[in-house]
Structures are given as C-alpha cells and as structure tokens.
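*Asks:* A structural model of the following input is requested.
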Amino acid sequence: MRGPWRAVVALVAGIAAIAGVIVLGKLSRQQLDDRGHYAVKLADLDLPAPPGVSKANFLAEVKYNHPIPDVLDRTDPAARLKLQQALAAHPWVESVTVGDLSDPKPVTLVIRVPTLAVGQRVLDRQGVLLPLTTSTMGLPSFRTVPDLPATPSGKPYPDVRIVGVAKTLGWLRGQLPEVKWQSADLNADGLVLTRDDGATATWGFGKAEEPPADAKLARLRQWKAGPLDLRTK
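*Replies:* Modelled structure (predicted):
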C-alpha cells in the first residue's frame, strides 16, 4: 500500500502547491491593486490643454462629452479604446493616439490651432469650428460673414470656401509665422489677405494657371510694402 499512498500524498501535495500559487497570485494582484499599481488616473496624464482652458477644466469637458471613469485599469483590454474615444470626441482635439498605458507618456494629443475668426466663431487650421468660448483676439477675421445655419463645435464650417481660407491661413501660419494677418476676404480676384499694416496680398483662387503655393510663399517672404498680386508669375 505504500506505493498508492505515496502517489495520493504526492497528488494532494501538488494540488496544494498549485492552490497556494493561485492564492498568492490573487493576493499579490490584490496588494498591487490596493497600491494603485494598475491604475491610470486621467488627472495624472501628461496632456496639453487648449488655449485659455485649464487642464482640469479640459478633462471635465472630456468626461462630460464622452463619459469615462477618472481611473482606468491598465490591464483592461478596452481601456485604451475608451480613452482614445473620449479624447477624440472633444472639439478641441485635432488628433490623439493612445499607446501602451504602462508607458510614462502613453498619450500623444494634438490640440487644434485657432486660425480664423468668422463673426464670433473661430475656425482651426482645418476649417473646423472651435467651442463658442474660444477667443477671437489676435486672429485674422473674415470680412464678409455669410448667413449660414448654426453648426456644432468640432464640425467643419458649412461653407467650403471659408474652410479653404482657413486651411490656407493655417498653412501660411506654419510656413511664415512672422507675418501677422489682420483679415481675409473672398472677392472676384479670389482670396485677398490684409496684413496688420494694411498692405494687401491677392492670393487668388489656386487655379492651375496661377503660380504654385510654394512660389507664392517665396514672394510673400520678400514682400516689403504695397499691394501684392500673387496670381501672376
């Protein structure tokens, strides 16, 4: 009987060992949970805030627009998607990428850039409407404000022509940040930009017979004073 008993004892010991490992694992996980090891707090994320908005208020708006808990579990497979969707839903967010939540900086967030004032509304460099509270101070204004239906923040402006103006100004801001524009308008000559000193530059329509944008930019770099027609070569 010694053989069978030894087998039984060995089996029981093996089961006990496995159970012990499982219990210790659960205890270890519980201890780590208690210490916040797996917790990702929204408030602790390194995120830029929109101009004129505190990080705390920005996160409050994120949670209001797309409800998400203040603390996420980094081991939850759905946590990254939840965070991605919540941040992307905010009208100030141009783009967002959420990586491994175990990384020191898991979120790459790009905030929209205020570019053009149309009446009391502000468009970003892609022609998307920013929140109503966005300041128009220091932005070029579109002179002729069309009578269009109200459009929610985070959506493109309903006039594609003005979206094009915002995109052009956004590109120029990146390429020629030292030039400050006072206003923009569309007339029979196309897009006309007015500099802070009152000098005007006729950008045109961007037609095939006009110089390419890079050539127009080169002329703007050399522009000193007086009116400038960029439609001619």
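*Asks:* make it CA atoms for all contacts and neighbour counts henceforth
*Replies:* Will do.
*Asks:* now the protein, which segments are flagged as low pLDDT?
*Replies:* For the chain, the stretches with pLDDT under 70 are 1-37.
*Asks:* Can you list the buried residues in stretch 146-157?
*Replies:* 153, 154, 156, 157 (16 or more other CA atoms under 10 Å).
*Asks:* and this protein, what are its domains?
*Replies:* 39-111, 114-229 (automatic domain parsing).
*Asks:* Any idea how far the longest one is from the middle of the chain?
*Replies:* Spelled out, it's domain 114-229. Distance of domain 114-229 from its chain centroid, counting by CA atoms, centre = their mean, to the nearest Å, is 21 Å.
*Asks:* Residue 144 touches residue 185, doesn't it?
*Replies:* Yes - here residue 144 lies in contact with residue 185, judged by CA atoms under 8 Å, at a distance of 6.7 Å.
*Asks:* For these two, work out which one has more neighbours and name it.
*Replies:* Regarding residue 144 and residue 185, a neighbour count based on other CA atoms under 10 Å identifies residue 185 as having more, with 18 against 12.
*Asks:* Tell me the secondary structure at the more buried one.
*Replies:* strand (DSSP: H, G, I helix; E, B strand; the rest coil).
*Asks:* With residue 169 instead?
*Replies:* Per three-state DSSP, residue 169 ends up helix.
*Asks:* Now do the contacts for it.
*Replies:* 115, 116, 125 (CA atoms under 8 Å, 6 or more residues apart in numbering).
*Asks:* Can you give me every residue that contacts residue 131?
*Replies:* With CA under 8 Å, 6+ apart, residue 131 has these contacts: 91, 92, 121, 122, 153, 154.
*Asks:* Quick check, the last one in contact with residue 90.
*Replies:* It stands for residue 154. Yes - counting by CA under 8 Å, residue 90 is a contact partner of residue 154 at 7.3 Å.
*Asks:* could you pull out the helices for this protein?
*Replies:* With helices called from DSSP state H, the chain shows them at 2-34, 55-65, 79-88, 160-175, 213-222.
*Asks:* Can I get the fourth one in CSV, CA atoms only?
*Replies:* The C-alpha trace of helix 160-175 is given here as CSV (Å, rounded to 0.1, in the frame of the first residue of the first chain):
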residue,chain,number,x,y,z
VAL,A,160,-16.4,75.1,-48.1
ARG,A,161,-14.9,78.3,-49.5
ILE,A,162,-14.2,79.6,-46.0
VAL,A,163,-12.9,76.2,-45.0
GLY,A,164,-10.4,76.7,-47.8
VAL,A,165,-9.5,80.2,-46.5
ALA,A,166,-8.8,78.7,-43.0
LYS,A,167,-6.6,76.0,-44.5
THR,A,168,-4.6,78.5,-46.5
LEU,A,169,-4.1,80.7,-43.4
GLY,A,170,-3.2,77.7,-41.3
TRP,A,171,-0.5,76.7,-43.9
LEU,A,172,0.8,80.2,-44.1
ARG,A,173,1.0,80.4,-40.3
GLY,A,174,3.2,77.3,-40.2
GLN,A,175,5.4,78.5,-43.1
